[in-house]
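Engineer: sequence and predicted structure are below.
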Number of protein chains: 2
Amino acid sequence: MKDQTTPRITTGPLPASRKIWHQGDIHPGIRVPMREIALHPSAMEPPLTVYDPSGAYTDPEATIDISAGLPRLREGWIDGRGDVERHDGRVVRPEDNGFVTGDRLTPEFPIRHRPLRAKPGNVVTQMAYARAGIITPEMEFVAIRENLGRRAAKERLARDGQDWGAAIPDHVTADFVRQEVASGRAIIPANINHPEIEPMAIGRNFLVKINANIGNSAVTSSMEEEVEKMVWATRWGADTVMDLSTGRNIHNIREWIIRNSPVPIGTVPLYQALEKVNGVAEDLSWEVYRDTLIEQAEQGVDYFTIHAGVRLPFIHLTAERVTGIVSRGGSIMAKWCLHHHRESFLYEHFEEICDIMAAYDVSFSLGDGLRPGAIADANDAAQFAELETLGELTQIAWEKGCQVMIEGPGHVPMHKIKENMDKQLAHCGEAPFYTLGPLTTDIAPGYDHITSAIGAAMIGWFGTAMLCYVTPKEHLGLPDRDDVKTGVITYKIAAHAADLAKGHPAARLRDDALSRARFEFRWEDQFNLSLDPETARDFHDQTLPKDAHKVAHFCSMCGPKFCSMKISHDIRAESRARGMEEMAARYRAGGDLYMPVED
Amino acid sequence: MKDQTTPRITTGPLPASRKIWHQGDIHPGIRVPMREIALHPSAMEPPLTVYDPSGAYTDPEATIDISAGLPRLREGWIDGRGDVERHDGRVVRPEDNGFVTGDRLTPEFPIRHRPLRAKPGNVVTQMAYARAGIITPEMEFVAIRENLGRRAAKERLARDGQDWGAAIPDHVTADFVRQEVASGRAIIPANINHPEIEPMAIGRNFLVKINANIGNSAVTSSMEEEVEKMVWATRWGADTVMDLSTGRNIHNIREWIIRNSPVPIGTVPLYQALEKVNGVAEDLSWEVYRDTLIEQAEQGVDYFTIHAGVRLPFIHLTAERVTGIVSRGGSIMAKWCLHHHRESFLYEHFEEICDIMAAYDVSFSLGDGLRPGAIADANDAAQFAELETLGELTQIAWEKGCQVMIEGPGHVPMHKIKENMDKQLAHCGEAPFYTLGPLTTDIAPGYDHITSAIGAAMIGWFGTAMLCYVTPKEHLGLPDRDDVKTGVITYKIAAHAADLAKGHPAARLRDDALSRARFEFRWEDQFNLSLDPETARDFHDQTLPKDAHKVAHFCSMCGPKFCSMKISHDIRAESRARGMEEMAARYRAGGDLYMPVED
């Protein structure tokens, strides 16, 4: 074992924050975590409640031991439904970890939980329960979580937004969640073998979510480092994490990640299947792929990206593209199809895939293997042919009771973004859309978190339910810790901007609280209410380092001599004192524009 | 003088770039600079021409001596019109530099050019010439510059965009520029006392421009440092620079900046006027303000932000805002109006201001002193009352022959952005809009370049002609060199994304060239074609540092074993070889979706 004196897992609350829990009504045993940000007493405001995907790691009361894993929160709920059985499960094979042995083998997770699967004839998905009229603990958990305590603040919440046909309720009830899941408009990714998660929903009528990708690195892959990547991403706001590891040790590393993850984990099983055939795409087979699905389903992966829409007849539609096929999964399938000149085995075996997904409640993330990788290729025939196919597959999966979301592009200029959302809604029956950006120009490698945040905010506004982050290293290299944080914060911005524009009833509470703090020179509150308190404080320190400046009634822009905020306070005071608000009201009502000059 | 061994001015071309010149037809003496980016021979592509606001500093042939200033390119053009006269001009007074003396006084610029002004009875603005049917050298310069050599590439340029009613021509002629300036839809900020500029246009039917703000710092203000701020911002793409200096030495520093600036310089004269009355807003007067306008017009400032729309009856409309008045200029005027309980002296003396602007061709940037500083305050009565007033003032300025642009917000959620553009077009007669962001959420101090790039890209698409940058330090502190670069690159992204979405005929050439380089693994070309070659290369080096990796046919994401781009090359080769493109075409034409399996 490595030296443990330097803790590698980041723990502890964010500044001025504490974890609070809301109890369930239908299921009184559930406790839904939220983060409460305390404000300075001078604010005379209650603490602000924000969504919190960070799990136990930000709870100072929790004991973190990654060798034990997180508490198995949902175990009782799952067992309580009586439709699952424990079994020995698939035996781990040498190829699962790339045939690595000895010192180079990442140790197995110390505790082996026997995997669950559905009893024969049962579909154990949240969708199946929802259709049967059952409000699961997961659904109530999600309902409470989505409200952000907005019942308390209800009277303040005027609706203001353009939701493009979404139907965001004033208050999310558990039955509303059930209806959304039953209809397919939302999913709750929650594998029965991942009882450690705090359930969350992905859907157009809920808060816009973000995903962060992590992956093992070739040089270092201690368990702590891999778990820390997930912890770090969720600390800053990632709602789900995709483990895109390739190469060696992926089975064992994945087990460490899942056992310690409070958020749903997604994977691309094709990547591991390719490893099992030594990276030779044409050697892939349905049998190898099926084995990998079961391997990962038993570990507890919550959603699988499955590129079943990359069909043989579509592949040559990409031939004259500027950047061809840029999806790794898409190109693997394209290579297989072309080599054998056969239809994709994922497409041909799609119903069997559904049966596996249904037996563990693994959600589909139907992959966009033909997404455009350049502005020139956006919205082309290949892309939309695949999207229509994903719509057909959605119907099949829904008939099987499976939860489904649909992946989307990619590189798309602003004027072509809405067409993506419109077509997705039309073809895929309002299944949640999950997009990568889109990047709105190709000319800024090194800044693609920004080129894509523009597109992500817009498509989130139009109705995309989850945004897959892009880091500054996109197209250039592997993201480091700072890049992951930058990517997550950038995507929290995009998702929140989308929530605001959709008119989510609780979204603006945080903007307003921060703006009031700004107007009242409560610097500490401004930092603490921001998405990244550390950076905000650090930037302020660079210009005004002294503690006294944190309570100063001026800022670094204008300095103490003249301050526009200060003048506004004077205006407000005078206005209230002299009854001039009445005069302003008179103006608003269409009164005389010009006021008499008093001298 | 300070030690000059460390050159403070950044010079030299960007990687793989050289400056080229296009000659005028109507005015054969004009030479319009562009930047040509050379590609690797294997690309078998001509160099890519891009817009270049960086002036002589990126020309290795140029001798840079900031004590001499830039060549006075336009001097002959201006003199040649025969409508201006040199005179002694206003004498510099101690208050112009904040009464600073001795060592703390920034030295005067060594060369004194006697200022020009219009001969009595003349209006010497580009608008006046345009209306008179005169195509000035400035107009032809702009026409050539805007085309980016697109005549040469004409056949490749299919129009693709949604321009929201703009009318971007396939090819910009000098007479088109004249018409746009005559109608007020575009301006060419070009003070007759700033002959050093390379003329540029701001208008909805031209490339979207960006502005960077600079300002002196209290601690350091050597001339080199202040000039370098301007040079640095234009090196990365700033099309204009606003000097927002306050405090001491501002007259002398401004002179150094203007004499060395190839781009138009904007200021807010109210800031200096306030300095002259020791920061006491209520002591301002028309006389002090007028004196400042003339002082700065004689120096060569190209556009003035003038907050003449902050009228007395509007001020109390801001009283119940979450963040009141956040514009510094707006709050200064509000304070003056309230103290005296009088209508704004800027509003009352607006025609006299126009006469001054017309005598030097200083363009108006009609300030939005009541812009919203928080999401909660967006699109409110105060903001739109001011905007309507700016529309009235635009008509007055146009009658006087003055060039006008209109400043816009601020903080606006996505769903309220388009209303800003629509109202601006309706009220202000299509005068160019010049917005600050807008920021689409308040919750991310430290990342407001990103919160605002989202809004900037959108409003640029909708028709805003120039975007004022926001740096990561916004709301927190003073931007350093890195922040300025980040702000400029971020806004180049927003402006370019807008150009693409509007369907600017030449915009996509750069995206396509970069994407082709990406598809063909021409790493050096990818770096060189990007907005920030240094950062792109540095990020690549972090993962794959070796020179050999710069020619490798794989990247850091998938590694050498499996590469989606490589598979796409195989598909293309096979497709072309086997005539399968024909089959793809058959599919597009509505043929049989499923192709027979060959085994």
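Structural biologist: That came through fine.
Engineer: how many neighbours does the closest residue to A:Trp286 other than its chain neighbours have?
Structural biologist: Closest residue to A:Trp286 apart from its sequence neighbours, by CB to CB, 6 or more residues apart in numbering or on different chains: A:Phe345 at 4.4 Å. Quick note: C-beta positions are derived from backbone N, CA and C, even for glycine. The tally of other residues near A:Phe345 (other CB atoms under 10 Å in any protein chain shown) stands at 21.
Engineer: and A:Phe345, what does it touch?
Structural biologist: Applying CB atoms under 8 Å, 6 or more residues apart in numbering or on different chains to A:Phe345 gives the contacts A:Leu284, A:Ser285, A:Trp286, A:Tyr289, A:Trp336.
Engineer: what's the answer for A:Thr267, then?
Structural biologist: Contacts of A:Thr267 by CB under 8 Å, 6+ apart are A:Met242, A:Asp243, A:Leu244, A:Arg254, A:Gln296, A:Val301, A:Tyr303, A:Phe304, A:Thr305.
Engineer: nearest to chain B, of these?
Structural biologist: Closest approach to chain B among these (CB to the nearest CB): A:Leu244, at 9.3 Å.
Engineer: surely the closest one meets A:Ala212?
Structural biologist: No: if you go by CB atoms under 8 Å, A:Leu244 and A:Ala212 don't touch, sitting 10.5 Å apart.
Engineer: higher neighbour count, these two?
Structural biologist: Higher neighbour count among A:Leu244 and A:Ala212: A:Ala212, with 26 against 17, using other CB under 10 Å.
Engineer: give me the pLDDT for A:Asp541.
Structural biologist: Looking at A:Asp541, its pLDDT stands at 88.
Engineer: residue of the stretch 451-599 of chain A nearest chain B, please.
Structural biologist: Closest to chain B within the stretch 451-599 of chain A is A:Ser568: 2.5 Å, counting by CB to the nearest CB.
Engineer: could you report the neighbour count for that residue?
Structural biologist: Neighbours around A:Ser568, by other CB under 10 Å: 24.
Engineer: for A:Ala507, same thing?
Structural biologist: 29.
Engineer: what residues does it make contact with?
Structural biologist: A:Ala507 makes contact with A:Leu207, A:His496, A:Asp499, A:Leu500 under the criterion CB under 8 Å, 6+ apart.
Engineer: just the terminal-to-terminal distance for stretch A:242-260.
Structural biologist: In stretch A:242-260, first residue to last residue: 14 Å (CA to CA, to the nearest Å).
Engineer: sorry, slip of the keys, the one I care about is stretch A:113-132.
Structural biologist: 29 Å.
Engineer: can you give the distance of that stretch from its chain's centre?
Structural biologist: Taking CA atoms, centre = their mean, to the nearest Å, one finds stretch A:113-132 lying 24 Å from the centre of the chain it belongs to.
Engineer: could you find the closest non-adjacent residue to the residue of the stretch 51-200 of chain A found nearest chain B?
Structural biologist: Here the stretch 51-200 of chain A gets closest to chain B at one residue, A:Gln162, 4.1 Å apart by CB to the nearest CB. Of all residues not flanking A:Gln162 in the chain, B:His415 sits nearest, at 4.1 Å (CB to CB, 6+ apart).
Engineer: ok, the one you found touching A:Ala498?
Structural biologist: No: using CB under 8 Å, B:His415 is not in contact with A:Ala498; the gap is 9.9 Å.
Engineer: so how far is chain B from A:Asn213?
Structural biologist: 10 Å (CB to the nearest CB, to the nearest Å).
Engineer: repeat that for A:Arg31.
Structural biologist: Distance from A:Arg31 to chain B, counting by CB to the nearest CB: 26 Å.
Engineer: ok, the closest residue to that residue other than its chain neighbours - how many residues close by?
Structural biologist: Residue nearest to A:Arg31 in three dimensions, not counting chain neighbours: A:Trp21, with 4.0 Å by CB to CB, 6+ apart. A:Trp21 has 11 neighbouring residues, counting by other CB under 10 Å.
Engineer: quick check: bridge partners of A:Trp21?
Structural biologist: Per DSSP bridges, the residues bridged to A:Trp21 are A:Pro33.
Engineer: and for B:His415 and A:Ala498, which residues touch both?
Structural biologist: Shared contacts of B:His415 and A:Ala498 (CB under 8 Å, 6+ apart): A:Trp461.
Engineer: hang on, the earlier thing: mark which of the contacts of A:Thr267 are buried, thanks.
Structural biologist: Buried residues within the contacts of A:Thr267, counting neighbours by 16 or more other CB atoms under 10 Å in any protein chain shown: A:Met242, A:Asp243, A:Leu244, A:Arg254, A:Gln296, A:Val301, A:Tyr303, A:Phe304, A:Thr305.
Engineer: in which helix or strand would I find the fifth one?
Structural biologist: Which is A:Gln296. Assigning secondary structure by DSSP states H and E places A:Gln296 in helix A:286-299.
Engineer: how about the residue in the stretch 201-350 of chain A that chain B sits nearest to: what's its closest non-neighbour residue?
Structural biologist: Proximity to chain B, evaluated over the stretch 201-350 of chain A using CB to the nearest CB, is greatest for A:Gly324 at 2.4 Å. Closest residue to A:Gly324 apart from its sequence neighbours, by CB to CB, 6+ apart: B:Ser568 at 2.4 Å.
Engineer: quick one on the thing from earlier: in what helix or strand does the residue of the stretch 51-200 of chain A closest to chain B lie?
Structural biologist: For A:Gln162, there is no host helix or strand (DSSP H and E).
Engineer: what about the strands in the stretch 201-350 of chain A?
Structural biologist: For the stretch 201-350 of chain A, applying DSSP state E, counting those that start in this stretch gives strands covering A:202-203, A:209-214, A:240-243, A:265-267, A:303-306.
Engineer: what packs against the strand or helix carrying A:Phe176?
Structural biologist: Per DSSP H and E, A:Phe176 falls inside helix A:174-183. The contact analysis (3 or more CB pairs under 8 Å, 6 or more residues apart in numbering or on different chains; DSSP states H and E) places helix A:174-183 against helix A:126-131, helix A:137-147, strand A:186-187.
Engineer: angle of the second one against helix A:174-183?
Structural biologist: To tie it back to what came earlier, the one meant is helix A:137-147. 110 degrees (axes from the mean of the first three to the mean of the last three CA atoms, to 10 degrees).
Engineer: counting contacts, what elements does helix A:137-147 pack onto?
Structural biologist: With contacts taken as 3+ CB pairs under 8 Å, 6+ apart, helix A:137-147 sits against strand A:31-37, helix A:126-131, helix A:174-183.
Engineer: so it versus strand A:31-37, what angle?
Structural biologist: Helix A:137-147 runs at 20 degrees relative to strand A:31-37, counting by the same axes, to 10 degrees.
Engineer: what's the first helix or strand after the strand or helix carrying A:Gln383?
Structural biologist: Using DSSP H and E, A:Gln383 maps to helix A:381-399. Sequence order places strand A:404-408 as the next helix or strand after helix A:381-399, per DSSP H and E.
Engineer: quick one: average confidence on that following strand?
Structural biologist: pLDDT averaged over strand A:404-408 gives 98.
Engineer: do stretch A:445-458 as well
Structural biologist: Mean predicted confidence for stretch A:445-458 is 98.
Engineer: then it to CSV, C-alphas only?
Structural biologist: Extracted C-alpha coordinates of stretch A:445-458, given in CSV (Å, rounded to 0.1, in the frame of the first residue of the first chain):
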residue,chain,number,x,y,z
PRO,A,445,-8.6,24.8,-28.8
GLY,A,446,-7.6,25.5,-25.2
TYR,A,447,-10.9,27.3,-24.6
ASP,A,448,-13.4,24.6,-25.6
HIS,A,449,-15.0,24.7,-22.2
ILE,A,450,-16.1,28.2,-23.3
THR,A,451,-17.0,27.5,-26.9
SER,A,452,-19.1,24.7,-25.6
ALA,A,453,-20.6,26.5,-22.6
ILE,A,454,-22.3,28.9,-25.0
GLY,A,455,-24.0,26.0,-26.8
ALA,A,456,-24.7,24.1,-23.6
ALA,A,457,-26.5,27.0,-22.0
MET,A,458,-28.6,27.5,-25.1
